Each structure stands twice: as structure tokens, then as C-alpha cells.
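Asks: structure here, sequence nowhere to be found:
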């Protein structure tokens, strides 16, 4: 049923994308392979490591008057991780977008620098080593995804499995003791993990898979209620159900940030798949109706709302500045150029200064200029993700690339907006920058998936034997999938090629 | 084809219809994807705009928010400039290891507390630490030699130094002379107005309250609960009835206004003297003194209340106010640059009885020790009163001068001729009157004792006063004028007289200055 036949009048018939080089879609065996851009990536990776190492040295020279003796070790360590990532891309994703890895390395490296810097202000709480361990794990998983995920379309088959496993993982913390007042953690030894983080990616995959399969039915059929065209229950039901269950879990766990991101991801992907802006409006209204009573009467959330509307309230009441006020003070103190690394006083924020509030330290110590650069880096990844989506030809790949990009953008918006008093604070971690293993690992996987998607998007069409020959042990379905990726031609609607992928 | 068209078609197909109706259209992924991408970019642009709001447009008001500790942290992030006495710092800074990196220290806290005040991370800054805070903390714009660059680079300007006029020997003599008594000393260099000593006892060690934390709070609480008020600067901030020392002012008024042609002509003074509008007769401390129609010289020598009470009345309230104000009374905003309490001589006296009492330093007449030192200084400086000042200069940390403080003339309360006669009378007091305890061999000392009444119905212990000046020789300029007050002494009442308790302290201070 899903897109069973080419839809007459589908605007996609006018070619994949206006203005896109034809090589992406119409390439034949004779077309020369596009440049891999791996050299560019290597140069950028080295640059990213150099900037991070400079930041590390700068913290030391600003705080102690001398460059830390282990600067070289830090640079080499980060460089080794980055190089391994780069080599894995060279090996298994050689046409990947060359900007993704360097940006992830730079953000992760800067995050480590600032966490190290904040460690210096909190002598009893040294977190940089743990974050370095998580960075290693993150890059390890990045490499694993790049090497082991031969074709991203395999994911479409496991969408429901991924969704269910994730839901289970999310339920588990409810039965575990609360950490920092929220039941969102699984603690193993000294490492704690938030399954809600990795659930974001699983959910993006699930949404992409489901919507790719059902988007025609969702968009084109339904029943009319009053002036609104509603989809049929059997089409929208499963996805709404999964979303509602995860939302309910997050609500019970009081993980409102993740809830907000799930909701935003759901709406944006639903819109991208169906083009029904009216549904989005309805969804927003419904959620608005649900949020108001929660904001008014749920004390935990109510405080966040009141703080958002009037961040200086606690000062007037003589209770001292709230964390949000302290964060705003930090941004203000940074001004245009910042105080310089190590020279600010963002530690006044106190609790969670290295995780939820880490952006305030960036704001104070590298200023608006530095912050704009950070936002630009995120924007580049997002834009590159969307570009990958445009270049890909199968709806699942397109929706997944867009979904992952949206996921990153929403994380950035919800966190940065929260700590700068743009939206109510929800308590989330800034991708790559913030202390927190789950978030870091999750975002490295996100980048790995974008790398694989961009590789598939730019990869020339003719089947290169050594690239598609599966290693022993790969199942037939995987092989079929690989062929599907390599095949296809310029004729027909490229979106419809997903039919080659086996269904769950 | 439009989406509306698609909708229309879908509707006509009926709700039960399965599968897309013919001709139905959905937006392509490329178009919706592009819109979603734009949406994401708008989100990030919103973040940037909002960050600009915080970091540019609201930055100033957030920086200045009283709850923002950055200003405090910045203030204490570097050693505070020093306050110097005779070129030697009497303050310092030490590293705290805490958020507020540097804390004030005092080398000789109790001795100089009435000069320096304190600089506390918890309780703010007082006295010189307060009024010169901008210099000491490095925030004064004059300290920066590259203002624009410092602003851009956020370089912190080191605190400047404050050079006082205090003479350490005189200060120490005053402090030690006061000892365990409650009292104060102010000493001035008459020709310049430079303040040589400002002592107040009991004093306190400001080192205990410069930091933060429990010990600081405990020390502060203890000092404030102390009934002896150790943090009160009695030399500048406390006024006392000046008693007989005020007779110098009345003497000046009598001579300057021509009431009597000189200090050696007999005055027209009964003993006891009863002003017109009262039944209460003004008497003298000792009945044996020959105060009836005594000369002003003799009246000052033995401190006749009757002579000076009547002289004040005869000169008239208006002239008495004029003379008192010429000596510095009734100034509301005197700064040296530390603020000084207002010394009072009533300006609305209509009763002769009260005018008589006021003229002998009683009733509402009240003076700080500094004010009475000014009276002595003006006499010593041949009638010219210089504005007292505590500072010579403030400098940058590298020693270059930011501001020099020059001498400034306050006025000329009496002519040089009259001043000479008052000097003669004051010298007489020391040589053969109530002030013999202040005699310094080889030097010429003029002074006046005072024993002021205190409390309701004079039930309290009197204040013992002594004001004086010294000259190394008759023709030389006087290098020091001093005022001493002792309050609530434990000595028995008969012993309390300016000559007995206060004069030796004044003598010690003058000797300290004379010995160079």
C-alpha cells in the first residue's frame, strides 16, 4: 500500500532536485567518480584537533600562567581518536561529507577543554577524565557504525525492534533509584547512562521507517472531520502509539527536555513526510492545551516556567540569583569577545555547570563571537544533513537524514534556548559540548549515521565489486539492500526504490 | 496541481475509500524537507539573536545587577592598593585561596584603624578605605594609562596607593598616651592643615573583619556588641562639649570684636555672674581664684567661667556664631576627604543664659577633637586656619602621581595681632596655669584645659580636654597643634581635669613631632 504506485503529479517527477548536479542521480558507469574529499576532511580534522589543543593550552596559561605539561598528550590523544574516525571513513564511507567528522571532533574537543577548565574551579569534582573516556567510547561507536553498518537501509527493517528495545530501556530507570531527582538513569559502577538519549536516535529511525512506508496513505487518504482532513487510525495509530508511550514514560520520569525533543521530532518528520501543515497545527494546539495545566500546577515544571518569564524574581525575593539568572550573568559577562578561557566565573552557576549549563561558560569565556561560531558549526552539520537528505533517493534515507538533522537542531535549540532564557529550561545537554556520556555517545552515533547517509548520497552509482561484496556472514537481505543502494538509474521516481527493502 | 485540489478529490472519494485517490497530491519530500531545514535554521538564528540580546543589549544591566558577584570577584581578584604612612604601607593584601582572591591586611591595625578604616569583603569599606576605594581597588579611571586598550583587553588596572599625612611617631604617641582610656587625639600641622595624628581608643584590629565567613561575622558581631564602641572614630565622628577649651574661641571673639583692647586689661566681670534672663548664677571651679574683673589672660590661666560667660554675652550671639564658624564650627559637609561630624555652636540663641553657657563650651556647644585641634592650629598659625587634610597624594601602582593634595586656606578667624595675644594667653596657661603638665623643656607650648560636664544633671563623669600647640622657638612656625579628649575615665572625679589627664598625652604628641 505504501506508495504502491508512482503518484501522478508528484512533484518529484521533475527530477530529484532542481539545481542539483545531475551526477547524483543520472550517473552512469561512464561518469567519472566524484572526488571523495577525504583530503579535505583530514586537513580539517587536524585543524579541529589543533584548535582544541590550543584551547587546552590557553586554559592553562590563563589560569596558571603556563601551558599545561600534558597539552601535547591531550592533542595527540584527541588526534588519535579523530584519525581513527577518519580512517574508518576512508575505509567504509569514502564519499561521506567531509565536514561532519571535523566538526564533531572540534565540538567534542572544545567540550573537553571547557569541562577541564570547570574542573579547575571545582577541585573536588574532576570530570574531564570520565568525559575523555566517554569520548573514546563515542568515537569507538562512531567507528563501529561506520564499519559495521554496511547499508543504512538495514535499519528500516529493525525499526520496530529498535523502538521496542528503546521503550524497554526507557522504562527500566523507573524501577531504579532516582539520580539527581530524576528517574532517567541506569547506573553501572561509576558510569551512568541515560537510555532516553539513545532513544532519540532509535525513535528517529523508527519515524523515518514508518513514515517512509506510510506517507502516501497518511497524506492522501483519511476522513474529514469538520474542516480537517484526518488520517485513518490504522495509518497513524502505530506511530502515535509509540510516541505517546515514550512521551508518557518521559513524563513519568520528568525528563521534559527529551519529551520536548521527541515531540518536535515527531511533528517535523510528520510534516516532512506528509506535507500536512494543518496536522502540525492541531498537534501544537493539543500539546499547548496539555502543557498549560502542567506548567500551572506541576511544581517542578511551574518553577521553570516562572523562572523563564521572570529570571530575576528570586533576586527580588531575596533568595539570591537562580541558576538561570547566574547563566544570564555569565553570558552578559562574556559580552562580544568573551573573557578568555579560564577567566570567567560561570562556576557561580553551581550544580550541573558542566552539563546542562556548559554553554554559559562558552558564552562567558569566548563571547558572542565564539558562540556564533559554535552555532554556525551546528548549523553546518544540520544543513549538511538536509543536503544529504536531498541527495538521497529513497524516502527512508531522506527522512532519516532529515530526522537526524532535526534531532541535532532541536537539541541545540532546546538546550541553548533554555540556558539563555529564550524558552523554559528543561535540563538537557548540549550536543558534544556538555559533560555526560549518554548524550556524547548518542551524538557520535548520530554523526556516524549522517556519515553513512552522506556516503550513500554521494557514492557513484556503478557497482564497485569490492564495495558491495559482503563479508562472509552477511545475510541475503543485507546483500539485497546493498544492491538496492547501488542500483537505480535516472529514470522513474527515485523515492519509490525503497520497495526493494524487505519489510519487518 | 494544488493541495486544495487534492483535498477536494480525496473528499469526493469518500471516507471509506482505501488507497490514494486518483490525482491526489502530496508535497514532495524535497519541498517539505527544505521547509523543515529552513525551520531548523530559523531556530538557530533565534538562538543567535537571543544570545545577542543577553551579551550585547542587556549586558550592562546584567553586569550591574547587585546579585551578580562578578563585580565583587573582580574587585578582590588583585591585591588592593596600599595606604601609606610616612612612605611605609600600613596595609597589605593576602591570598585567601577562595573565590575572593585577595583579602585586606593591616600591619598595625588598632593603631591606624581611625585613619584607614577597614576594607572588608563582607562589610564594605570605611574611612580612607571607603572614600579612596576607587583608587585602591583600581577602578578609578585616572589610574589607567591606556584606557581604551584596557577596556578592550579587559586588563585589570592595579590598585593605586594612598599617601597620608600621618606622622607615625605622633600617631603612636597619641595611641599609647590614650592607652586603656576612652578618648581621642587629633593633631594638625598648623601651617598646612596636614593631619599628623588621629587616634581613638578603645580601638580594634580590622584584620578580624576583612574576610568572609563565620570568624569574620563573629568578630563583627563582637565589635558591634561592645559597649565601648571600638569602631567609633572618636577623633572625627564623635562630638563632645568642649568645655573650657572653647574659651579660646570666646577670647578670640572678645579681642577681634574689640570688646577688650587686650588680654591684660581688666574685664568688667562679676563673680558669680548671673545673666539677665536667669536666676542661676555662673560660678567658677575654685572660689579662691580672683575672677572678679580679671584680665582675659588671667581668666584663661585659671579658666574663669564668669569672665568668658559674660564676654560671650557682651560680644553677642551673632559675633560668637561668626567667630565659632570662622574656626570651623557648624560645617555640615567637612571632608578631609573622610567625612567629619559637624561641630556645633547654636545659631539661634536668644537667651543670655544659654549664650553664656555656650560661650564656655557647655549647653549645646559640641566639638570633635579635630575641630578643637583646628582652633589651636589657627591660633598657632597666627590667625590663619588651613583646611585639615589627611592625604598628600594618590599614585598609581608604579608610583606616578594621580593627584596631589595642596594646602588650602579655610579662613582667617582672627588677625595676626589677636592671634599673638591668644598665643600669649595660652602659653601662660601652660607656664603657670591649669596646663602645666604640657610643658616641654626647650619649646614654647600654648594650651588650654577643659573639663566639660556630661550627663543629665551633670551626673556623668566629665570629659577631660586639652588643646595646645608647640613651637621650637618664639619666632618659629608651630609644627603641631593638638586636641585631646578623654571620656568617662575610671579615675575619680576630682582628678578629672584637662590638665591632669589630657595634657600629658598632648605633650607626648607634640614632643613626637618636635623631635622630628
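Replies: Everything's here; your move. Everything numeric here is computed off the predicted structure, so don't read it as measured data.
Asks: hey, what's residue B:467 bridged with?
Replies: Taking DSSP bridges as the rule, residue B:467 bridges to residue B:448, residue B:483.
Asks: now do the contacts for the residue of the stretch 201-350 of chain B found nearest chain A.
Replies: The minimum distance from the stretch 201-350 of chain B to chain A, using Cβ to the nearest Cβ, falls at residue B:212 (14.8 Å). For every residue, glycine as well, the C-beta is placed using N, CA and C. Neighbouring residues of residue B:212 by Cβ atoms under 8 Å, 6 or more residues apart in numbering or on different chains: B:98, B:100, B:121-122.
Asks: run a quick neighbour tally on the residue of the stretch 401-516 of chain B found nearest chain A.
Replies: Nearest to chain A, among the residues of the stretch 401-516 of chain B, is residue B:402, at 26.9 Å (Cβ to the nearest Cβ). Using other Cβ atoms under 10 Å in any protein chain shown, residue B:402 is surrounded by 15 other residues.
Asks: which residues does the host helix or strand of it contact?
Replies: Assigned by DSSP states H and E, residue B:402 belongs to strand B:401-404. The contact list for strand B:401-404, computed with Cβ under 8 Å, 6+ apart, reads B:135, B:140, B:142-143, B:160, B:392-396.
Asks: after that strand comes which helix or strand?
Replies: strand B:409-411.
Asks: quick one: name whatever helix or strand follows that following strand.
Replies: Following strand B:409-411 in sequence, per DSSP H and E, is helix B:416-432.
Asks: in terms of secondary structure, what does that next one contact?
Replies: Helices and strands touching helix B:416-432, by 3 or more Cβ pairs under 8 Å, 6 or more residues apart in numbering or on different chains; DSSP states H and E, are helix B:247-256, helix B:296-302, helix B:369-380, strand B:444-452, strand B:463-471.
Asks: for the contacts of strand B:401-404, which one is nearest residue B:54?
Replies: Of all the contacts of strand B:401-404, residue B:140 has the smallest distance to residue B:54: 29.0 Å, by Cβ to Cβ.
Asks: does the closest one touch residue B:158 like I think?
Replies: No: taking contacts as Cβ atoms under 8 Å, residue B:140 lies outside contact range of residue B:158: 11.4 Å.
Asks: neighbour count for the two, which is higher?
Replies: Neighbour count, other Cβ under 10 Å: between residue B:140 and residue B:158, residue B:140 has more, with 20 against 16.
Asks: which non-adjacent residue is nearest that one?
Replies: In space, and not counting its chain neighbours, residue B:140 is closest to residue B:134: 3.9 Å by Cβ to Cβ, 6 or more residues apart in numbering or on different chains.
Asks: go ahead and list the helix or strand containing the one you found.
Replies: Going by DSSP H and E, residue B:134 is part of helix B:133-137.
Asks: now what about that helix, what contacts it?
Replies: Helix B:133-137 has contacts (Cβ under 8 Å, 6+ apart) with B:75, B:80-83, B:119, B:125, B:129, B:139-140, B:143, B:159-162, B:394, B:402.
Asks: name the residues of it that are buried.
Replies: With burial defined by 16 or more other Cβ atoms under 10 Å in any protein chain shown, the residues of helix B:133-137 counted as buried are B:133, B:135-137.
Asks: give me the neighbour count for the nearest residue to residue B:159 once chain neighbours are set aside.
Replies: Spatial nearest neighbour of residue B:159, excluding adjacent residues (Cβ to Cβ, 6+ apart): residue B:81 at 3.0 Å. Neighbourhood size, residue B:81 [other Cβ under 10 Å]: 26.
Asks: check the contacts of residue B:212 for burial and list the buried ones.
Replies: B:100, B:121.
Asks: of the contacts of residue B:212, which is the nearest to residue B:360?
Replies: residue B:122 (45.4 Å).
Asks: host element of the residue of the stretch 201-350 of chain B closest to chain A?
Replies: With DSSP H and E as criterion, residue B:212 is part of no helix or strand.
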